[in-house]
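Colleague: A predicted structure for the sequence below; I have some questions about it.
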Protein chains: 2
Amino acid sequence: MTEAEIDVLSANAAFYEAFASHDFGRMEAAWSAQRPLTCIHPGWSALVGRSSVMESWRAILGGDRTVIRASGARAFVAGDSAYVVCFEATGGEAPNLIATNIFVREEGRWTMVHHHAGPLASPAELLEA
Amino acid sequence: MTEAEIDVLSANAAFYEAFASHDFGRMEAAWSAQRPLTCIHPGWSALVGRSSVMESWRAILGGDRTVIRASGARAFVAGDSAYVVCFEATGGEAPNLIATNIFVREEGRWTMVHHHAGPLASPAELLEA
């Protein structure tokens, strides 16, 4: 694994730690401070713009105390942009969602610009060529 | 809209034209020839690797003659990487899916590296800040 891939997976982990600990400050810090933000929560339409995205996280983190655990993360880096594909488990041990998370490198730090989570119907196994 | 955003939306449209016309050759051409490929079809786990991704498209395009129409596409560009958020309608006029499509610019041409489509439960309206 490259250094950039390790750093991107670490940024992805920081996002899920903020989510799991219902810490809005850490959640805000996981996202880019400079770029437009977008977010697709499971089943939702897309939220476009920092204030819509952050408002949604404030409601989610302050709300039903969602339990979430990410697993199987894989990072794909191209220059100063990257994305991660990973599973999310919100209702127990078995992953029930799958996510695409997009990051940009800003002043040496990887920050999120887009999160898309949706339901997973098939077994949670990243299929390899 | 910037020139890059227009070009990315055009690459996104080419992907959906290949999909809608069940043209495997055009579908293959819509994807990057150089980078690792990943794909999350609705409800599926992630396919990782060119051969898994292309095999899935060969099966889908040769199979049930899915009707698909994309709408509401928005492009977000950062250097030679970009992503598009758009709706997909596969069962009639109303969008029933929402997609994140990731592109890279290779030798001046935007090509897809990742597609993630998942169900849309809320009204199909891109929400603005």
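Modeller: That came through, no problem.
Colleague: how close does residue A:9 sit to residue B:86?
Modeller: To residue B:86, residue A:9 is 27 Å away according to CB to CB, to the nearest Å. For the C-beta atoms, the positions are set from N, CA and C on the backbone; glycine is no exception.
Colleague: Looking at the two, which has the bigger crowd around it?
Modeller: Applying other CB atoms under 10 Å in any protein chain shown to residue A:9 and residue B:86 shows that residue B:86 carries more neighbours, namely 25 against 18.
Colleague: Would you mind finding the longest helix in chain A?
Modeller: Of all the elements of type helix in chain A, the one with the most residues (DSSP state H) is helix A:3-20.
Colleague: Does it reach chain B?
Modeller: No - judged by CB under 8 Å from any CB of the partner chain, helix A:3-20 makes no contact with chain B; its nearest approach is 11.3 Å.
Colleague: Show me what that helix is packed up against.
Modeller: helix A:24-30, strand A:69-78, strand A:81-89, strand A:97-106, strand A:109-119 (3 or more CB pairs under 8 Å, 6 or more residues apart in numbering or on different chains; DSSP states H and E).
Colleague: lowest confidence element among the helices and strands of chain A?
Modeller: Ranked by mean pLDDT, DSSP states H and E, the helix or strand of chain A with the weakest confidence is strand A:127-128, at a mean of 48.
Colleague: in the longest helix of chain A, what's buried?
Modeller: A:4, A:7-9, A:11-12, A:14-16, A:18-19 (16 or more other CB atoms under 10 Å in any protein chain shown).
Colleague: Run the contact check for stretch A:95-111 versus chain B.
Modeller: Yes - Stretch A:95-111 lies within reach of chain B by CB under 8 Å from any CB, at A:98, A:100, A:102, A:104.
Colleague: cool, and stretch A:26-43?
Modeller: Yes - Stretch A:26-43 lies within reach of chain B by CB under 8 Å from any CB, at A:35-36, A:38, A:40, A:42-43.
Colleague: Pull out the buried residues from the residues you listed.
Modeller: Neighbour-count burial (16+ other CB under 10 Å) is assigned, among the residues of stretch A:26-43 next to chain B, to A:35, A:38, A:40, A:42.
Colleague: sorry, back to before: could the residues of stretch A:26-43 next to chain B be laid out in TSV, adding pLDDT?
Modeller: Output for those, formatted as TSV (pLDDT from 0 to 100):
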residue	pLDDT
A:35	96
A:36	96
A:38	98
A:40	97
A:42	94
A:43	90
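Colleague: Take the residues you listed and keep only those in helices.
Modeller: Reading helices off the residues of stretch A:26-43 next to chain B, I find no matches (DSSP H).
Colleague: closest to chain B among those?
Modeller: Relative to chain B, the closest of the residues of stretch A:26-43 next to chain B is residue A:43; by CB to the nearest CB it sits at 3.5 Å.
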